[in-house]
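[1] what follows is a predicted protein model with its sequence.
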Amino acid sequence: MKKLEAIVQPFKMEEVKEALKAIGIDGMTITEVRGHGRQKGHKEVYRGQEYNVDLLPKVKFELVVADARVEEVITALTASARTGKIGDGKIFVYEVAEAIRIRNGDRGESAL
Amino acid sequence: MVTAANPRFSFEGRTAAVDALVISRFPEIPGVALLACGGYGRREMFPYSDVDLLILTPRSDEDLRGPLAGFIQDLWDAGLRVSQSVHSVAQCLFVDEHNVELTISLLDQRFLTGDREIYQQLTGSLDGFFRRRQEEVLRRLTRLTRERHQRFQNTIFHLEPNLKDGPGGLRDYQMIRWFARLNADLDSAADLQPSAAHLNELRWLLHEFSGRDNNILDFDSQEQIASDQNISPGDLMGEFFRHARKIQRAAQRLLDAEEAQDSALFARFRERWNRLSNSDFSVSRGLVYLRAPQHDLPRLFEFVARHGLRLAPDAGRRVHAEAPSAPPFTWKQLQASLSLPHADLALREMHDANLLTAIFPELAAIESLVIRDFYHQYTVDEHTLVAIGNILTLREQQGSPFAELAREHADLSLLIMALLFHDSGKGDEFEGHSESSARLAEPALIRIGMPAEDRDIVLFLIRAHLEMSATMNSRDLSDPITVRAMADRAETVEKLKLLTLLTYADISAVNPSAMSPWRSSLLWQLYSATHRELMRELQSDRLHTGSVFLEGLPVRYQRTHSRDEIAAHIRMAETGTIIDLQKKGSIYQLTAVAPDRPALFASIAGAISSFGMNIVKAEAFSNASGTVVDTFTFADPLRTLELNPSEIDVMKKTVRRAALGEEDVAKLLSRRPTPRFTSYEPKVAFDNDASETATLIQIIASDRPGLLYSVASALSAGGCNIEVVLVDTQGRKAIDVFYVTPKLMPEAFPNWTERLSFSI
């Protein structure tokens, strides 16, 4: 099992969700997050006042999938989240040691 | 109306049954008495409600523990949810900061069984105790109530309200009864009895439906209870809100009056109130009273909006009685209130007295209207009032760029009108309500006599009120096409700013956490990108229409002038009229159509100022053939033109000579008193990226007479051609935008900053 964490542009949220649904991924956690990557933050001056705009709004998708499906999910994520511009985001893949369904104690991939 | 069997009977029945059970199980312990308190003490037992017991003992020793534990156990086994406390008489007659609830619960106590002597010890002292400690108990009760209201954001209009603890709920009704008991002179509870009975019935049904002590009337239970009564959930909630509002209004007044009296600053307050009182209204204990039998409603609400004081109950009742036959407000009267700091309170009081729907029957359909979705927490009318409140409190905040934007507007009355109507169309049509809201608003705005220019802004805001949030949620904000589309929709910087503020207020009023930092940074990103785009096109996007006059004017010119105005300008150019002066309401507008020449703009600005006029807005554009169209909007603070009509002609002639370079403007201005120095540090910013050919200079400074002349002549004297000017004064702050050619070198910026700051 792998956990995928994808940071994407806010306006891509619906598209990514639909793309995941289309390949049969229904379980996911979506969070509104703020952060910055390599570009770092900068200060924006508006009418003489300085404002920090170092944290840009993004959307984070978290999902856990069976090993066999990882590549397929990554393809769906990149295809739906890509605009080709800086700021499109990243995908991180983690090893998952165990998954347990609280309701009935199911374990492993059958708990997903 | 809920039509369950009268719960009074059920209350009595349930209470009697519980009494019988509790009394039969109570072990006889010498010197110990058993009391009922809380809802049980009041004989208001709901299904699954707690049974509040007070065990009164002469001593707090261990040997009571055994028999009492058995007794409580018995009651639990019999299916009662018992919540008991054990106290001595002395403990009961002590106001404990950490247990004010005990003191308050004694207001509802009654004897069940046990030792009568110890009970009489308590009751013998209780009246005196409450008399002596009345003030303290009231103060603590007020604070507890405020804290409780705070948990519900101080509003009753939740889509899933709490019948017991929410504002306007049964706890508030109890609070009013406790106040009445503690202040023997006060009896505000009697009027509210029917409303409390209605809430009691609903709570009874809710407990039965939920099978537990649940007080939140959620969507499921609304549907269930409404269908049992053969009414729609909307009607069920409408009825609930009408009753809860009555209770909430009474509670609110009681708390306000109590806090005003309690405050250590009472004396200072009283002095201020005495000063505020006039021949029509008086202020006492922080509430407004009507003095004369005849009164002027628009002035009353202007008073509320200015001072932030609520109407006294009697005044509220009188306004309520007069509302149906009240003469309609004019825009001028309404604007007088809406431009003041507490406009939201004035609207709330008008809403409470049914005056708002009397003036605008168009708003009746959203009164207490519940629209179910996952985000909105309030009814539509409450959402509207919360949004209006948000925009006014935003102005007081620090460190938020939106607050800065709000402060740029001295008068938010048009924005408030747009907010008032922005969801009015939700009453009859749920999808695409922007258009139906605008359709409802238009005749209303015409009826109150709002000028066409203002009306256009309000209707634009209503129609466009969802577009910024839609764009920021679903479009790439770094894509120039997105930004261009938003700029086309907003058309001008002024409208963009108002739309941004409206969007901010609207989202913030959905629920308390809706305007997260995440969402606010998206909105700001969209605003600043669109702002940049509108600034850029000011210089770069020109008209190419074929007409000689229009050729080369910025697109903004066409967006900000009506067809008739444009035709008038063309006539001026053809006939060489040069100067036109019109009175528009309380302000004047001067238009100059003249061949361009150095320092033209500065000369005209200076000539206008030399008559003591206050320039609030100015625009300067030039077309391809070197004809300049300058528009100056100014106020006449000394009423020179009004009192001396002949001055109008003198002024027109002087400005004409100045425009043609036949007048020494510096000399004209030397007749005016020298302006005093202002404390606001001027800010000058340069931007060479906004246009290929020109430098954009933005100046923010404290406004003063002749400011525009000083700045414009400093630019002209330095060899700059002023291509485009956009000046706006809001309150004491002037925001000037100049596009100058040729482009300034970045190395020269510091030098220019110094020169311009000096001129300011």
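    Arrived safely, thanks for sending. Residues are numbered from 1 along each chain as shown, chains lettered A, B, ... in the order given.
[2] not counting sequence-adjacent ones, nearest residue to residue B:720?
    residue B:740 (3.9 Å; Cβ to Cβ, 6 or more residues apart in numbering or on different chains). The way it works is simple: take the backbone N, C-alpha and C, and place the C-beta from them, glycine included.
[3] so that neighbour is in which element?
    strand B:733-741 (DSSP states H and E).
[4] in chain B, which helix or strand is least confident?
    Every helix and strand in chain B was compared by mean pLDDT, DSSP states H and E; the lowest is helix B:266-276, with a mean of 67.
[5] returning to what we had before: as a whole number, average confidence for the strand holding residue B:740?
    Averaged over strand B:733-741, pLDDT sits at 82.
[6] next SSE after it?
    Beyond strand B:733-741 in the direction of the C-terminus, DSSP H and E gives the next helix or strand as helix B:749-759.
[7] from the chain's centre, how far out does the longest helix along chain A sit?
    When chain A is parsed with DSSP state H, its longest helix is helix A:70-81. Remark: helix A:70-81 is offset 11 Å from the chain centroid, using Cα atoms, centre = their mean, to the nearest Å.
[8] next structured bit after it?
    Next helix or strand after helix A:70-81 toward the C-terminus (DSSP H and E): strand A:89-95.
[9] could you measure from the residue in chain B that chain A sits nearest to over to residue B:748?
    Going by Cβ to the nearest Cβ, chain A is nearest to residue B:683 of chain B, at 3.1 Å. In this view, residue B:683 and residue B:748 are 18 Å apart by Cβ to Cβ, to the nearest Å.
[10] more neighbours, the two?
    residue B:683 (17 against 13; other Cβ atoms under 10 Å in any protein chain shown).
[11] what residues are bridge-paired with that one?
    As for beta bridges, residue B:683 partners with residue B:700 under DSSP bridges.
[12] mind checking pLDDT for it?
    Looking at residue B:683, its pLDDT is 81.
[13] how near is it to residue B:734?
    Separation of residue B:683 from residue B:734 (Cβ to Cβ) stands at 11 Å.
[14] shared neighbours, these two?
    B:699, B:700, B:701 (Cβ atoms under 8 Å, 6 or more residues apart in numbering or on different chains).
[15] for chain B, give me the ranges with low pLDDT.
    Low-confidence segments of chain B (pLDDT under 70): B:1-9, B:60-63, B:184-188, B:261-273, B:372-375, B:428-431, B:546, B:673-680, B:730-731.
[16] quick one: which helix or strand includes residue B:131?
    For residue B:131, the host element (DSSP H and E) is helix B:116-132.
[17] show me what that helix is in contact with.
    Against helix B:116-132 from outside (Cβ under 8 Å, 6+ apart): B:31-33, B:35, B:56-58, B:89, B:92-93, B:106-107, B:111, B:137, B:181-182.
[18] and chain B, which of its residues are near chain A?
    Listed as neighbours of chain A in chain B under the rule Cβ under 8 Å from any Cβ of the partner chain: B:401, B:404, B:408, B:472-478, B:516-519, B:521-522, B:524-525, B:528, B:683, B:685, B:698, B:700, B:735.
[19] in PyMOL, select just the buried ones from those residues.
    Of those, the buried ones can be selected in PyMOL as follows, counting by 16 or more other Cβ atoms under 10 Å in any protein chain shown:
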select buried, chain B and resi 401+404+408+472+475+476+477+478+518+519+521+522+524+525+528+683+685+698+700+735
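[20] of the residues of chain B next to chain A, which belong to helices?
    Per DSSP H, those map to helices at B:401, B:404, B:472-474, B:517-519, B:521-522, B:524-525, B:528.
[21] what are the boundaries of the strands in chain A?
    Ranges of strands within chain A are A:2-8, A:29-35, A:43-46, A:49-52, A:56-65, A:89-95, based on DSSP state E.
[22] in CSV: the ones you listed, plus distance to residue B:19.
    Formatted as CSV, the strands of chain A follow (distance: least, Cβ to Cβ, whole Å):
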stretch, distance to residue B:19
strand A:2-8, 59
strand A:29-35, 52
strand A:43-46, 69
strand A:49-52, 65
strand A:56-65, 56
strand A:89-95, 62
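[23] please enumerate the strands of the stretch 451-600 of chain B.
    In the stretch 451-600 of chain B, strands defined by DSSP state E, counting those that start in this stretch lie at B:579-584, B:587-595, listed in chain order.
[24] any idea which of these is most buried?
    strand B:587-595 (a mean of 20; mean count of other Cβ atoms under 10 Å in any protein chain shown).
[25] parallel or antiparallel, list what pairs with that strand.
    By DSSP bridges, strand B:587-595 pairs with strand B:579-584 (antiparallel), strand B:627-635 (antiparallel).
[26] now do the shortest one: everything it contacts.
    Among residues not part of strand B:579-584, those counted as contacts by Cβ under 8 Å, 6+ apart are B:568, B:572, B:588-593, B:633, B:641, B:648, B:651-652, B:655-656, B:659.
[27] how about a cut-off of 6 Å?
    By Cβ atoms under 6 Å, 6 or more residues apart in numbering or on different chains, the residues outside strand B:579-584 that reach it are B:589, B:590, B:591, B:592, B:652, B:655, B:656.
[28] can you dump the C-alpha coordinates of it into PDB?
    Output of strand B:579-584 as PDB, limited to C-alpha atoms (Å, rounded to 0.1, in the frame of the first residue of the first chain):
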ATOM      1  CA  ILE B 579     -15.400  74.600 -20.400                       C
ATOM      2  CA  ASP B 580     -18.700  73.200 -19.200                       C
ATOM      3  CA  LEU B 581     -19.900  73.300 -15.600                       C
ATOM      4  CA  GLN B 582     -22.800  71.300 -14.200                       C
ATOM      5  CA  LYS B 583     -24.200  70.900 -10.800                       C
ATOM      6  CA  LYS B 584     -24.800  67.300  -9.900                       C
END
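[29] was I right about residue B:415 contacting residue B:497?
    No - Residue B:415 is beyond contact range of residue B:497, at 9.4 Å (criterion: Cβ atoms under 6 Å).
[30] tell me which of the two has more neighbours.
    Comparing residue B:415 with residue B:497 by other Cβ under 10 Å, the one with more neighbours is residue B:415, at 23 against 19.
[31] need the contact list for the more buried one.
    Each residue near residue B:415 by Cβ under 6 Å, 6+ apart is listed here: B:498, B:501, B:502.
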